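Participant: Below is the sequence, then the predicted model.
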Amino acid sequence: MEPSFREPMLATLVDDPQLGDAWWFERKLDGIRLIAVRDGDPVRLWSRNGLDRSASYPELVEALAAQRYDRFVIDGEVVAFDGTQTSFSLLQQRSGVREATHARGRGVDVFYYVFDLLHLDGVDLEPFALSRRKALLDDAFTWADPLRLSAHTHGDAATLQHEACAEGWEGLIAKRDDSPYTSGRSRAWLKLKCVKEQEVVIGGWTDPKGSRLGLGSLLVGYHDAGELTFAGKVGTGFDDTALRSLLAELRPLERPTSPFDRGDPPAAGAHWVEPRLVCQVGFSEWTTAGRLRHPRYLGRRDDKDPAEVVREVPS
């Protein structure tokens, strides 16, 4: 088998999990998922939707190229830290290929937390149990910054989730230790969240008011049964750079009519766009009408396909 990019395994969001001894727990990181592939040279870093992000993180490419194996596929998350917490907003300064030339000079250090090994030296490891893959991963690589092995622990799910939230973490990922690696959404990996975040599709923007630059609010939504459903206005969380950058991306996508199939987006001062861009928002809760309450902009997600963005609810 040749090492190559494959669709990553994805966790399912759950509430109040009742999990036994067959599960272990890893920190949920607020970063960007990367599949690293090496088949000789060079190393390639792929986003979950198949974008080559190698140029954005040259230090990760160099660290992986220095490893003793020249044929492997690994799965992990690239993160930036603000103090002790991972920061998706800070990572935005390093996440675009167009910023890659000056990436290192911006003072944003990144780390690649690796949590799975899919292929090693000609052997397909996806059918192996997670516990076996993780042991092989630990042994196969030299762990020194910016490469870090994602640690795991065992214990009571509710207690560990409470401790994670007290530490200010995003949450935990629970994984069955006997599970194979399977592409797509799986209940063998579960998300236990401390904070509420949602990926949304940008369907338009409103005009700025007062001294504000660029745009006022983003008009966002999610897909439900194939229809783009309006989820609300996002008007906070932007700095001037983000406002200018978003407007530059949105203007070429303008269209005369609303892209939303459901909901009632405001028409006054609205500019509609083709729903091709995705961003991440934090929020306090969902309203009974299916709107985001107190949403705040966290950053663009060019590693997500707009058609795959749905409302994430515990199952």
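Facilitator: Everything's here; your move.
Participant: distance of the spatially closest residue to residue 2 that is not a sequence neighbour from residue 120?
Facilitator: The shortest distance from residue 2 to any non-neighbouring residue, by CB to CB, 6 or more residues apart in numbering, is to residue 39 (6.3 Å). Just so you know, the C-beta spots here come from the backbone N, C-alpha and C atoms, and that holds for glycine as well. The span separating residue 39 from residue 120 equals 12 Å under the rule CB to CB, to the nearest Å.
Participant: Can you list the residue ranges for strands in the stretch 201-315 of the chain?
Facilitator: 218-224, 227-234, 254-255, 270-282, 285-286, 292-293, 296-300 (DSSP state E, counting those that start in this stretch).
Participant: quick revisit: dump the residue contacts of the residue nearest to residue 2.
Facilitator: 2-4, 70-71 (CB atoms under 8 Å, 6 or more residues apart in numbering).
Participant: mind giving me the domain split of the chain?
Facilitator: 9-193, 197-308 (automatic domain parsing).
Participant: Would you convert those domains into CSV that also reports mean pLDDT and distance to residue 315?
Facilitator: Output for the domains of the chain, formatted as CSV (pLDDT from 0 to 100; distance: least, CB to CB, whole Å):
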stretch, mean pLDDT, distance to residue 315
domain 9-193, 90, 6
domain 197-308, 92, 15
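Participant: can I get the ones you listed in TSV with distance to residue 314?
Facilitator: Below are the domains of the chain laid out as TSV (distance: least, CB to CB, whole Å):
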stretch	distance to residue 314
domain 9-193	4
domain 197-308	11
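Participant: Do a quick rundown of the strands in the stretch 51-200 of the chain.
Facilitator: Counting by DSSP E, counting those that start in this stretch, the strands of the stretch 51-200 of the chain are 71-82, 85-86, 110-120, 123-124, 147-149, 152-153, 171-176, 184-193, 197-206.
Participant: angle of the first one against strand 110-120?
Facilitator: Relative orientation of strand 71-82 and strand 110-120, computed by axes from the mean of the first three to the mean of the last three CA atoms, to 10 degrees: 160 degrees.
Participant: quick one: buried residues of strand 71-82?
Facilitator: Within strand 71-82, the residues that qualify as buried are 71-81, counting by 16 or more other CB atoms under 10 Å.
Participant: Who is residue 254 paired with across the strands?
Facilitator: In this entry, residue 254 is beta-bridged to residue 273, by DSSP bridges.
Participant: Pretty sure it sits against residue 276.
Facilitator: No. Look at residue 254 against residue 276 with CB atoms under 8 Å: they stay out of range, at 11.7 Å.
Participant: just to revisit the earlier point, residues that sit against both of residue 39 and residue 120, list them.
Facilitator: Shared contacts of residue 39 and residue 120 (CB under 8 Å, 6+ apart): residue 71.
Participant: So between residue 254 and residue 276, which is more surrounded?
Facilitator: The neighbour comparison of residue 254 against residue 276 (other CB atoms under 10 Å) goes to residue 276, with 16 against 12.
Participant: Give me the neighbour count for the residue lying closest to residue 302 once chain neighbours are set aside.
Facilitator: Using CB to CB, 6+ apart and skipping the chain neighbours, the partner closest in space to residue 302 is residue 51 (6.8 Å). Neighbours of residue 51 under the rule other CB under 10 Å: 13.
Participant: All good on my end, thank you.
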